[in-house]
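[1] Pasted the sequence and its predicted model underneath.
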Amino acid sequence: MLEQVERYLMIEAILELDSACWNHPLPDPERRVMSDVTECETLAEQVRMQWNLGLDPIPNLTQLLEQHGIKVLLLPLPAGVYGLTCLVQRPEREAVPCIVVNRAATLERRRLTLAHELGHRLIDDTSPAGAEAAAKHFASAFLMPAASVRQDFGNHRHAISPPELMPVKRGYRVSAAALLVRCERLDILSHSGLGLRLPDLRQGLAHGGTGTAGTARSGGNTGSAGTV
C-alpha cells in the first residue's frame, strides 16, 4: 500500500500537478484532546466554519479534502478494514497526510470513512473519550450538522418514516442507518424509536417504499453517482 501512495505522489511530481499543502482547519495545529464525544460536535462545527462549508451537505468530500492538502486513495483493503490515515514522508519536502479508503465499500461508507479518518488527523489518540468513538462522532457531525438535521426533522420526533427519511439521506449522501443514528444522538429520535425504525426501514426498502415525500437539503444531489 505504501508503494502505491509513493507512486501516486511521484506521478504528481513528474506531471508537475498542483498539490495543495495541508491546510489545517484549526488555529492550533496540535491534535485536540476530546474529554467527551460531545466535544466532537464543536470540533466539526469549527472545521466547517474554517473551510467555509456552512450547513449544506458536502457534495464531493474527496475533492474537498484534496483541496485542503489531504491525498485520498481508493485501494483494495482487507475485509472489515474501511480505511486508514497516514503521514507520508518525502525527501526535502513536507510530509503529506493521506487517507486510504477501501475500494470495495459503498459510496456512503466511503464518505463516512473519509470523515472518520479526517477526525483521526485532528483528534489526539490519547483522548479520554476514546480515539475511535471520538472520530466516529466527529464524522457524523461533520457530514450531518446538528442545526441542519434539526431543520429537516425538527427537535423531537416519535418516528420517521422511510418516505420522509430517504430524500434527506440522499441529500447528505449517507446511509439511512447513519442518518437515524445521528437523529438518535441529537435526541430528535429516542433510543426506543430508533430501535423501531430500523426494522421498519428494512421492510420498507424491501418493498420499494422509498416514497417521494420530504425534501433533500440543497446541494446534496450534485455530482455523479461515483462521486464521494
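    Looks like it came in fine.
[2] Give the other helices and strands that the helix or strand encompassing residue 7 contacts.
    Element membership for residue 7 (DSSP states H and E) is helix 2-14. The helices and strands touching helix 2-14, judged by 3 or more CB pairs under 8 Å, 6 or more residues apart in numbering; DSSP states H and E, are strand 71-75, strand 83-90, strand 93-102. Where C-beta positions appear, they are placed from N, C-alpha and C, glycine not excepted.
[3] As a markdown table, those with distance to residue 136 would be great.
    Below are the helices and strands packed on helix 2-14 laid out as a markdown table (distance: least, CB to CB, whole Å):
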| stretch | distance to residue 136 |
| --- | --- |
| strand 71-75 | 19 |
| strand 83-90 | 12 |
| strand 93-102 | 15 |
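[4] tell me the angle of the helix holding residue 7 relative to strand 83-90?
    50 degrees (axes from the mean of the first three to the mean of the last three CA atoms, to 10 degrees).
[5] Tell me the helix or strand right after whichever strand or helix holds residue 132.
    Assigned by DSSP H and E, residue 132 belongs to helix 131-143. Per DSSP H and E, helix 131-143 leads on to helix 146-153 as the next helix or strand towards the C-terminus.
[6] Can you mark which positions in that following helix are buried?
    Of the residues in helix 146-153, those buried by neighbour count under the rule 16 or more other CB atoms under 10 Å are 146, 148-149, 152-153.
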